[in-house]
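Asks: Quick one, structure for this:
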Amino acid sequence: MRPRNSRRRQTRRLVLGVVFTLGLVIVTVMTAFSQGWFGVSAPGTSAHMSSHVSGSSQTDATSSEAATPTPVIVADATPPPPANPDDLKMSWETPAVFDGANAFPEQKMTMTGLDGASINYWIFRLGLPLNGYTTDTPISFGAPEDYTSIDGVLAFRGNNYRTAPAWGTADVSQKKLQIVWTKDIGAVTSTDSYWPGTGWTGQPLLVHWPASTRMAMNISPEMKQKDLVEVIYPVFDGNIYFLDLATGKETRNPITVGFPFKGTGVIDPRGYPILYCGQGLNENDGTYGEFNYHIFNLLDQTEMYALYGRDDLAFRKWGAWDSSGLIDAKTDTFIECAENGMVYLTKLNTRYDEAAGKLSITPQITRYRYQTSYTNELGIESSPAAYKNFLYFSDNGGVVQCLDLNTLKPVWIFNGDDDSDCTITLEDSAAGVSLYTANEIDKRSALTKVGADCNIRKLNALTGELIWQYDVPCVYHFYLNGGALATPLVGQDDISDLIIFNICLTTSVSDGKLIALDKVTGKLVWERDLPAYSWSSPVPIKGDDGKTYAVFCDSAGNMHLFDPRTGKDLDVISLGANVESSPAAYNNMIVVGSYAKKIFGIKIT
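Replies: So this is what the prediction gives:
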């Protein structure tokens, strides 16, 4: 055999050297992404499907075992823009479609309820159905008072029971309300609609940042020197405003998304500077975009990721996000419900180094989809509540559901008879764990145009069994809907025997009632007629004197300070126009927006 000449040997060495160098570069880049050196892990999809979803914790191999390569954590890819821009034009009236390429009828799982009704459900990871699901990082929410590690109202109604829209106590000796500042905001126009100011549920977030976190964020120098409570408010005009609770002055520039926010945002309860907030609409004056649930890094206000409401796996194509999610701190999991009828569990894989000013997430999403024998109506506008590993929510078809977050198996379902947008509230007492819910007059009256009863119910949260029901007659209106849209006030301390609901359109398309029921019996304690209906959830205010006071707002633009023991007003002020939004309170300060295109800072004295 002829020996190779020296030129061929040199060429081979050169090729081997290049290959070796490229290999080192690839390994280095993959390691960098897995460690989050570039801020956010690289997008992509996994080549391996499993019904077991791993947690983010990593352990070193023992000295007696061969070293195992650390798996690369890769963020789930976001969908590409639609080939046809008209696909972004959606209608909430388009019915759900249960067949097609992504129906996966052979992969459905079924649970039968106590009443003989059935629920079919699917679990998806990376676009493919799973045969089952178990997490190796079990979720178990704690007591509601332990939901947040920093002071403030960080989610809709404040905690995982949805019972804490106020933080701290207030001096209510004068029993008066006073507007101490206002912030002008805008409006948007969409097809056949005009959206001014703030809408439903539209609760502001009130955050008392730790000093070290405040210094790490892009807050103005003036505000960094304060013991700041920051108001964070996504609103209709497509902006997210950042204000000083005490003065209403901007703490930093708004984040401009350009599409309206209706629901309530979420601040990470671990105190991490992360904001989660979903769009209620995807149109602004004829311009259309994606229906996104945005996740922002509040160190510098950059967007880190977005969940897409335009989900090919959803039976319903309306992609809005009015629901306000929850974060399980221990497992680093974000849980959110969507109007497309899906529930999203997002493993965040958060990396936060406050001293270095670095924050990244690498989201990995597991989806839960369902269809019940009760109805074909889908869409979740209520915000989920959580007790331990159980998630509770109601939907546009009136289905009340308990879902095990660790297996994504439905535990029980209950037929609520009609659309239910008010958020479920939970209570853990000596009598057991219970939930409160109510419905609207919507789907069941759509053909007859005749009114019906709003059904206020207390259920056993562990079994779904009805404990009591109280009915309130309401009239029908196609767009406004009679019944309950506000989330109830669950009495505590000196009013621990009461649950308070505001009910819409009780005798006309403009009026309503405020109703207090006995928690144990469901019997009426008091009621008052409201000349203007209310979508705005009532807020308890704990006085320094130990007494509980409360506020609610109405469609005439008024804020009422009232005695929750009797229902009688103590003071009333005008906020200029319809208040659909729910207030939040921090000590003596209350914040809410209205259709008057303003955010109001209100002091209770």
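
Asks: Spatially nearest residue to the residue nearest in space to the middle of the chain (excluding sequence neighbours)?
Replies: For the chain, residue 324 is the residue whose C-alpha lies nearest the centre (CA atoms, centre = their mean; 1.5 Å). Using CB to CB, 6 or more residues apart in numbering and skipping residues adjacent in sequence, the residue nearest residue 324 is residue 156, 3.6 Å away. (Each C-beta comes from the backbone N, C-alpha and C, glycine too.)

Asks: Please name the residues that touch the one you found.
Replies: Residue 156 is in contact with 162, 165, 201, 203, 263-264, 266, 324, 383, 423, 487, 582, counting by CB atoms under 8 Å, 6 or more residues apart in numbering.

Asks: just to confirm, which helix or strand has residue 95 in it?
Replies: Counting by DSSP states H and E, there is no helix or strand that carries residue 95.

Asks: still on that earlier bit, wait, what's in contact with the residue nearest to the centre of the chain?
Replies: By CB under 8 Å, 6+ apart, the neighbours of residue 324 are 155-156, 201, 203, 263-266, 383.

Asks: and if you look at residue 289?
Replies: 88, 258-259, 282-283.

Asks: Repeat that for residue 335.
Replies: With CB under 8 Å, 6+ apart, residue 335 has these contacts: 325-328, 343-346, 384, 386, 391, 405.

Asks: which among the contacts of residue 324 gets closest to residue 452?
Replies: Nearest to residue 452 out of the contacts of residue 324 is residue 201 (CB to CB; 23.7 Å).

Asks: Need the three-state assignment for that closest one.
Replies: Counting by DSSP: H, G, I helix; E, B strand; the rest coil, the backbone at residue 201 sits in coil.

Asks: Give me the neighbour count for it.
Replies: Residues lying near residue 201 (other CB atoms under 10 Å) number 29.

Asks: So it is in contact with residue 264, correct?
Replies: Yes. With contact defined as CB atoms under 8 Å, residue 201 counts as touching residue 264 (5.1 Å).

Asks: shared neighbours of these two, which are they?
Replies: Common neighbours of residue 201 and residue 264 (CB under 8 Å, 6+ apart) are 156, 324, 383, 582.

Asks: Let me know whether the third one touches residue 162 as I believe.
Replies: Yes. The pair residue 383 / residue 162 is scored as a contact, 6.5 Å apart, by CB under 8 Å.

Asks: More neighbours: these two, which one.
Replies: residue 162 (30 against 27).

Asks: residues contacting that one?
Replies: Counted by CB under 8 Å, 6+ apart, residue 162 has contacts 156, 383, 385, 423-426, 487.

Asks: Give me the secondary structure label for residue 106.
Replies: Quick answer, by three-state DSSP: residue 106 is helix.

Asks: Skipping its backbone neighbours, what lies nearest residue 196 in space?
Replies: residue 187 (3.8 Å).

Asks: Tell me the spacing between that neighbour and residue 278.
Replies: 19 Å (CB to CB, to the nearest Å).

Asks: Also residue 188?
Replies: Residue 188 sits at a distance of 16 Å from residue 278 (criterion: CB to CB).

Asks: Looking at the two, which one has more neighbours?
Replies: Set residue 188 next to residue 278 and count neighbours by other CB under 10 Å: residue 278 wins out with 28 against 20.

Asks: Would you check that the more buried one makes contact with residue 321?
Replies: Yes. Counting by CB under 8 Å, residue 278 does reach residue 321; the two are 2.5 Å apart.

Asks: what residues are shared contacts of those two?
Replies: Common neighbours of residue 278 and residue 321 (CB under 8 Å, 6+ apart) are 263, 291-293, 307, 309, 336, 338.

Asks: low pLDDT regions in this protein?
Replies: Counting by pLDDT under 70, the chain contains low-confidence residues at 1-67.

Asks: Which parts of it are helices?
Replies: Ranges of helices within the chain are 6-34, 211-216, 221-224, based on DSSP state H.

Asks: Can you flag which of the shared contacts of residue 278 and residue 321 belong to strands?
Replies: With strands taken from DSSP state E, the overlap with the shared contacts of residue 278 and residue 321 comprises 292-293, 307, 336.

Asks: of all the shared contacts of residue 201 and residue 264, which comes closest to residue 483?
Replies: For the shared contacts of residue 201 and residue 264, the nearest to residue 483 is residue 582 (16.7 Å; CB to CB).

Asks: Please report the number of neighbouring residues for the closest one.
Replies: 27.

Asks: same thing with residue 348?
Replies: Residue 348 has 25 nearby residues by other CB under 10 Å.

Asks: Save the contacts of residue 156 as JSON lines, and put in distance to residue 497 too.
Replies: Formatted as JSON lines, those follow (distance: CB to CB, whole Å):
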{"residue": "162", "distance to residue 497": "19"}
{"residue": "165", "distance to residue 497": "20"}
{"residue": "201", "distance to residue 497": "26"}
{"residue": "203", "distance to residue 497": "26"}
{"residue": "263", "distance to residue 497": "31"}
{"residue": "264", "distance to residue 497": "28"}
{"residue": "266", "distance to residue 497": "31"}
{"residue": "324", "distance to residue 497": "28"}
{"residue": "383", "distance to residue 497": "25"}
{"residue": "423", "distance to residue 497": "22"}
{"residue": "487", "distance to residue 497": "19"}
{"residue": "582", "distance to residue 497": "23"}
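
Asks: Report the two of those residues separated the most.
Replies: Comparing all pairs in the contacts of residue 156 by CB to CB, the longest separation belongs to 266 and 487, at 15.4 Å.

Asks: Give me the more crowded residue out of these two.
Replies: residue 487 (30 against 25).

Asks: List the residues that contact the more buried one.
Replies: 156-157, 162, 201, 422-423, 425, 537, 582 are the contacts of residue 487 under CB under 8 Å, 6+ apart.

Asks: one more time with 10 Å, if that's ok
Replies: The contact partners of residue 487, by CB atoms under 10 Å, 6 or more residues apart in numbering, come to 156-157, 162-163, 165, 201, 203, 382-383, 385, 421-425, 436-438, 501-502, 536-538, 582.

Asks: ditto for residue 207
Replies: So residue 207 contacts 148, 150-154, 167, 213-214, 228-232, 242, 245, 267-268, 271, 273, 275, 298, 586 (CB under 10 Å, 6+ apart).

Asks: follow-up on the earlier one: between the shared contacts of residue 278 and residue 321, which sits nearest residue 118?
Replies: Nearest to residue 118, judged by CB to CB, of the shared contacts of residue 278 and residue 321 is residue 338 at 22.5 Å.

Asks: Can you give me the neighbour number for the closest one?
Replies: 29.

Asks: Could you check how far the closest residue to residue 115 other than its chain neighbours is from residue 461?
Replies: Residue nearest to residue 115 in three dimensions, not counting chain neighbours: residue 415, with 7.2 Å by CB to CB, 6+ apart. Distance of residue 415 to residue 461, given as CB to CB: 16 Å.

Asks: which one of those two has more residues nearby?
Replies: Counted by other CB under 10 Å, residue 415 and residue 461 do not tie: residue 461 has more neighbours, with 24 against 16.

Asks: Tell me which residues touch that one, please.
Replies: Taking CB under 10 Å, 6+ apart as the test, what residue 461 contacts is 385, 387, 390, 392, 402, 411-412, 424, 426-428, 432-436, 467.
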